[in-house]
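sharing a model that was predicted from the sequence below.
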Amino acid sequence: MVWPPPYGYTAPRKRTSLTEIIHILVGTVLVSLVIGSFFFDPLNLFSDIAMNQSQIFLFALVSILAAPAFILHELAHKFVAQKYGYWGEFRLIPFGVVLTIISIVSPFKLVGPGAVMIAGANITREKNGRISLAGPITNFILIGVCLLFVPVLPFTISFPGSNIETPFLVILAQLNAIIAVFNLLPISVLDGKKILSWNKTAWVVSMALSGFFWVVTLSGVFSNLVWVLMGISVLIVAGLVYWNFFREAKGKKIEIIDASEMPYVQRVIRTSSGPVPMEKTTTPSKSVLVSECEQCGKSVFLPFRCWRCDGFFCYDHRLPENHNCPSLGS
């Protein structure tokens, strides 16, 4: 049975794919390079390393800092979507990849190489909002954990041209705050737009907290005791946000959203009458690095696989309705 299954069937045990792993690794590398560009000049990286061996350590440290902030944010979307019974996997977005690469060498930073795409029957506005909110809440938790352990790992680093030594865990907390603020912007396909369309209070509270955490971590001049108290406070706030906005409200009107409002969400087609027929058993499809789009014939790096017909397609023809998927007539 292809994944995700038709409406009414139990999801298989498989939770990820080789394609998703490749996409998220590529995305992590790109995000690490963008974050690293704050510490060194990418155009002169190799000459800087030749002159200063500490650049190697600094670059490795920046990559380690960026990885959990990005990966755990995206995995939070994925796991909450799967909790609701939807299919969810991270995919690179070509336009976002190009913008992220440009950001590595430009003073303007736009980090968004991809997103977690979800699919399922009867995706409600509320559940879609909660799936989106899971990412920023994860960053809140990481901020709290980082600040809590500042006394344990007191190692400090300084930005080029600055004499201020900042605990690297505080920099990691600041990085998580930046990612939360950026994703909460109510534009395009970012988390903020979906959260705002679901619950304005949840968006205002999350954006205010993200901005506050960002400002606090920018200072970097507090004592270890203050950082610990801040970390405890942030974890408590993250728990309160989760408690208030993730509880299932009984008797609340369920509003089914349309795919036109979610350009990176695919819907499982549900028949208007009668149960969905059992699908024929198919051979598990293989993930590929390069393939020709079965609709337009264009060669595609890391193509999208249709979870209904198992065909490989480019970004423009990835949705079932864009490549005349045979499942649309079933």
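Everything's here; your move.

how far away is residue 25 from residue 92?
10 Å (C-beta to C-beta, to the nearest Å). From N, CA and C alone the C-beta is placed, and that goes for glycine too.

and those two? Which one has more around it.
A direct count of neighbours by other C-beta atoms under 10 Å for residue 25 and residue 92 places residue 92 higher, at 22 against 13.

can you pull the phi/psi pair for that one?
Residue 92 has phi and psi values of phi -70, psi 140 when expressed as degrees, to the nearest 10.

for residue 112, same thing?
Dihedral angles for residue 112 - degrees, to the nearest 10 - are phi -170, psi 60.

ok, it touching residue 93?
Yes. Contact criterion C-beta atoms under 8 Å: residue 112 and residue 93 qualify, at 7.3 Å.

surely residue 189 and residue 115 touch.
Yes. Counting by C-beta under 8 Å, residue 115 is a contact partner of residue 189 at 6.2 Å.

what about these two, which has more around it?
Of the pair residue 189 and residue 115, residue 115 is the one with more neighbours under other C-beta under 10 Å, namely 23 against 16.

would you map the helices across the stretch 101-250 of the chain?
With helices called from DSSP state H, counting those that start in this stretch, the stretch 101-250 of the chain shows them at 125-148, 168-183, 191-198, 200-219, 224-245.

of these, which is nearest residue 308?
Among these, the nearest to residue 308 by C-beta to C-beta is helix 125-148 (20.7 Å).

return the closest one as CSV; C-alpha atoms alone will do.
Output in CSV follows, covering the C-alpha atoms of helix 125-148 (Å, rounded to 0.1, in the frame of the first residue of the first chain):
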residue,chain,number,x,y,z
ARG,A,125,-7.3,24.5,10.4
GLU,A,126,-6.7,23.8,14.1
LYS,A,127,-4.5,20.8,13.6
ASN,A,128,-2.6,22.5,10.9
GLY,A,129,-2.0,25.4,13.2
ARG,A,130,-0.8,23.1,16.0
ILE,A,131,1.6,21.3,13.6
SER,A,132,3.1,24.7,12.7
LEU,A,133,3.3,25.9,16.3
ALA,A,134,5.2,22.7,17.3
GLY,A,135,8.4,24.1,15.6
PRO,A,136,8.6,27.4,17.6
ILE,A,137,7.7,25.6,20.8
THR,A,138,10.6,23.2,20.2
ASN,A,139,12.9,26.2,19.8
PHE,A,140,11.6,27.6,23.1
ILE,A,141,12.5,24.3,24.8
LEU,A,142,16.0,24.4,23.3
ILE,A,143,16.5,28.0,24.5
GLY,A,144,15.6,26.9,28.0
VAL,A,145,17.9,23.9,28.0
CYS,A,146,20.8,25.9,26.6
LEU,A,147,20.5,28.7,29.3
LEU,A,148,20.0,26.1,32.0
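
packing partners for that helix?
The contact analysis (3 or more C-beta pairs under 8 Å, 6 or more residues apart in numbering; DSSP states H and E) places helix 125-148 against helix 54-83, strand 114-120, helix 168-183, helix 191-198, helix 200-219, helix 224-245.

what about dumping the CA coordinates of the second one to CSV?
The C-alpha coordinates for strand 114-120 follow below in CSV (Å, rounded to 0.1, in the frame of the first residue of the first chain):
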residue,chain,number,x,y,z
GLY,A,114,12.7,23.5,2.7
ALA,A,115,9.6,22.6,4.8
VAL,A,116,7.8,19.6,6.2
MET,A,117,5.0,18.7,3.8
ILE,A,118,1.9,17.0,5.2
ALA,A,119,-0.9,15.0,3.6
GLY,A,120,-4.0,13.4,5.0
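
report all helices and strands that that strand contacts.
helix 18-36, helix 54-83, strand 87-92, helix 94-105, helix 125-148, strand 265-267.

tell me the contacts of the closest residue to residue 68 other than its chain neighbours?
Excluding the flanking residues, the one nearest residue 68 by C-beta to C-beta, 6 or more residues apart in numbering is residue 142, at 6.5 Å. Residue 142 makes contact with 68-69, 72, 172-173, 176, according to C-beta atoms under 8 Å, 6 or more residues apart in numbering.

could those residues be laid out in CSV, adding distance to residue 211?
Putting these into CSV (distance: C-beta to C-beta, whole Å) gives the following:
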residue, distance to residue 211
68, 21
69, 17
72, 21
172, 18
173, 14
176, 13
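
do you know which of the helices and strands packed on strand 114-120 lies nearest residue 199?
Taking the helices and strands packed on strand 114-120 one by one with C-beta to C-beta, helix 125-148 is closest: 5.9 Å.

what mean pLDDT does the closest one have?
The pLDDT scores in helix 125-148 average 91.

again with stretch 15-22
Averaged across stretch 15-22, the pLDDT comes to 85.

going forward can the numbers begin at 61, since that is how I track them
Okay, residue one is now 61; in that scheme the one you just asked about reads as stretch 75-82.

kindly export it (C-alpha atoms) in CSV.
The C-alpha coordinates for stretch 75-82 follow below in CSV (Å, rounded to 0.1, in the frame of the first residue of the first chain):
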residue,chain,number,x,y,z
ARG,A,75,8.0,6.9,9.6
THR,A,76,10.7,8.2,7.3
SER,A,77,12.3,7.6,3.9
LEU,A,78,15.8,7.8,2.3
THR,A,79,14.6,10.8,0.3
GLU,A,80,13.7,12.7,3.5
ILE,A,81,17.0,11.9,5.1
ILE,A,82,18.9,13.2,2.1
